[in-house]
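*Asks:* turn this into a model:
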Amino acid sequence: MRKTGEELEKIKKKLGVDTLYSYSRLDCWRTSKYEYMLRYVKHEKPLAEKKSAYAWLGGIAHDIIESAYKGEIEQREMKYKFHQGWTEAIDLIGIKFNRNDPDKNRKLEEAYNENMKAFFTFYQMLPYKVKTELFLLTKISNNIYVQGYADAIFQDADGNVVVCDWKTSRKYTKKEMRSHSHQLAIYCEALRQKGVPAERIKACFCFLKYAKVKFTQKNGKVVESIS
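*Replies:* Presented below is the predicted three-dimensional model:
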């Protein structure tokens with residue numbers, strides 16, 4: 001559950017700091033000083049029509065998964081909920097994947113919609129007690145703390161505490177994986193600071209648009225691929 005402004009103020013007072021940094025704020029500074037100025041200095045919010053379809057629909061997907069693990073909806077309702085979100089974002093508001101190329105945008109829409117419908121149709125809930133949107137606070141130095149909300153945290157059958165980050169974007173290359181893992185690393189450190197042994201902490205991405213497909217060739221060899 002998200003912390004209220006009052007709760008965050010109490011945390012800051014207890015820690016003796018003026019600011020609790022978010023990973024998105026730190027990453028914004030790292031990637032674009034101009035965007036940082038617009039967001040965190042001038043406090044300008046991006047207009048809905050300028051927001052990426054990936055970000056918009058990713059938020060919808062996260063909310064659906066969270067609702068399912070909280071028991072607010074059943075697994076069979078997930079696909080329908082995504083259809084509702086898609087209709088609002090794409091058909092009514094007109095959010096685009098690519099505003100400069102209508103043909104490319106149409107192809108991206110079709111592929112994304114089919115992939116996500118497949119995910120919500122066939123997804124099997126994890127057989128563990130899953131905590132979603134769990135608030136984590138990481139101490140970086142005496143006066144710098146990073147706050148965040150982990151998509152999902154659970155203890156697996158081997159006793160490991162697993163931090164999972166749902167991703168609705170394309171899967172990362174090995175080179176990209178390292179640069180996109182900073183947030184997970186911060187969450188893992190937060191768990192270590194809370195007393196979880198480092199060797200028992202695991203982290204992973206779950207790319208919702210992809211599935212592992214296993215098939216048997218004519219020669220009897222079993223082959224796996226990600227598609």
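*Asks:* which strands and helices sit next to the strand or helix carrying residue 55?
*Replies:* Secondary-structure assignment from DSSP states H and E places residue 55 in helix 53-69. Of the remaining helices and strands, those touching helix 53-69 by 3 or more CB pairs under 8 Å, 6 or more residues apart in numbering; DSSP states H and E are helix 78-86, helix 102-122, strand 131-141, strand 144-155, strand 161-167. C-beta here means a position set from N, CA and C on the backbone, and glycine is covered the same way.
*Asks:* quick check: the spatially most central residue of the chain vs residue 29, distance?
*Replies:* The residue lying closest to the centre of the chain (CA atoms, centre = their mean) is residue 166, at 4.1 Å. Distance, residue 166 to residue 29, using CB to CB, to the nearest Å: 24 Å.
*Asks:* format the helices and strands packed on helix 53-69 as TSV; extra columns: mean pLDDT and distance to residue 223.
*Replies:* Compiled in TSV, the helices and strands packed on helix 53-69 are given as follows (pLDDT from 0 to 100; distance: least, CB to CB, whole Å):
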stretch	mean pLDDT	distance to residue 223
helix 78-86	96	28
helix 102-122	94	20
strand 131-141	95	34
strand 144-155	96	30
strand 161-167	96	25
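*Asks:* and these as JSON lines, adding distance to residue 25?
*Replies:* Rendered in JSON lines, the data for the helices and strands packed on helix 53-69 read as follows (distance: least, CB to CB, whole Å):
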{"stretch": "helix 78-86", "distance to residue 25": "26"}
{"stretch": "helix 102-122", "distance to residue 25": "28"}
{"stretch": "strand 131-141", "distance to residue 25": "13"}
{"stretch": "strand 144-155", "distance to residue 25": "9"}
{"stretch": "strand 161-167", "distance to residue 25": "18"}
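*Asks:* out of the ones you listed, which gets nearest to residue 16?
*Replies:* The closest of those to residue 16 is strand 144-155. By CB to CB, the value is 10.2 Å.
*Asks:* what's the angle between the closest one and helix 53-69?
*Replies:* With axes from the mean of the first three to the mean of the last three CA atoms, to 10 degrees as the basis, strand 144-155 and helix 53-69 are set at 50 degrees to each other.
*Asks:* skipping adjacent residues, who's closest to residue 16 in space?
*Replies:* Sequence neighbours aside, residue 143 is the residue nearest to residue 16 in space, at 7.5 Å (criterion: CB to CB, 6 or more residues apart in numbering).
*Asks:* my guess is that neighbour contacts residue 21, does it?
*Replies:* No: between residue 143 and residue 21 no contact is recorded; they are 10.7 Å apart, counting by CB atoms under 8 Å.
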